[in-house]
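A.B. asks: make a model of this:
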Amino acid sequence: MNDVAHTATVGARMALDPIVVRQDASLAEAARLMDAHHVHGLPVVDHSGSLVGVVSQTDLARARATEFLWRSWPGLSVRHLMTAPAVTANRSMPLLQAARKMERRGIHRLVVVADHDETLPIGVLSISDLVHVIAEEAGPAPTPASPPEPTPEILDA
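C.D. replies: Model prediction:
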């Protein structure tokens, strides 16, 4: 990432109004939300709407693949699997700094919080958002060369 990433901020690239899940929601509900909204992770909030963690598709997949968790699946709620605390960014953070934060932590999203309240999720910046920036910097894709026209075989009679 060069020019765009050095000048753009998280606020310019984040997805607004994140889909959130309550910490007491079932794992099935979290899976349904991710599937319905085509997202890979959800900020987790408590009963007052304050950010308390993040749950991802990877968290759900690991739970389904772990025998003990699989047996306990119906009784588990999001709070049992979420990562807490959530790794956050504010809207004025430069994209490059956000990308480095994700890289250092080995995560695929940052929950963007309000400047006046670090417990209020206002957006999400995902690794996909960063890939869009990289693609924009690379410019338009080159036009692929046309394949050669097939030449008919001439058969001796």
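
A.B. asks: separation between the nearest residue to residue 122 once chain neighbours are set aside and residue 121?
C.D. replies: With sequence-adjacent residues excluded and distances taken as Cβ to Cβ, 6 or more residues apart in numbering, residue 122 is closest to residue 114, at 5.1 Å. Glycine gets a C-beta too; all of them are placed from N, C-alpha and C. Residue 114 is 8 Å from residue 121, where distance means Cβ to Cβ, to the nearest Å.

A.B. asks: of the two, which one has the most company?
C.D. replies: Neighbours were tallied for residue 114 and for residue 121 using other Cβ atoms under 10 Å; the higher tally belongs to residue 121 (25 against 14).

A.B. asks: before we move on, back to that, my read: the residue nearest to residue 122 touches residue 120, true?
C.D. replies: Yes. Taking Cβ atoms under 8 Å as the definition, residue 114 is a contact partner of residue 120 at 4.2 Å.

A.B. asks: just want the most central residue of this structure.
C.D. replies: The residue lying closest to the centre of the chain (Cα atoms, centre = their mean) is residue 126, at 3.7 Å.

A.B. asks: so what's it bridging to?
C.D. replies: In this structure, residue 126 bridges to residue 109 when assessed by DSSP bridges.
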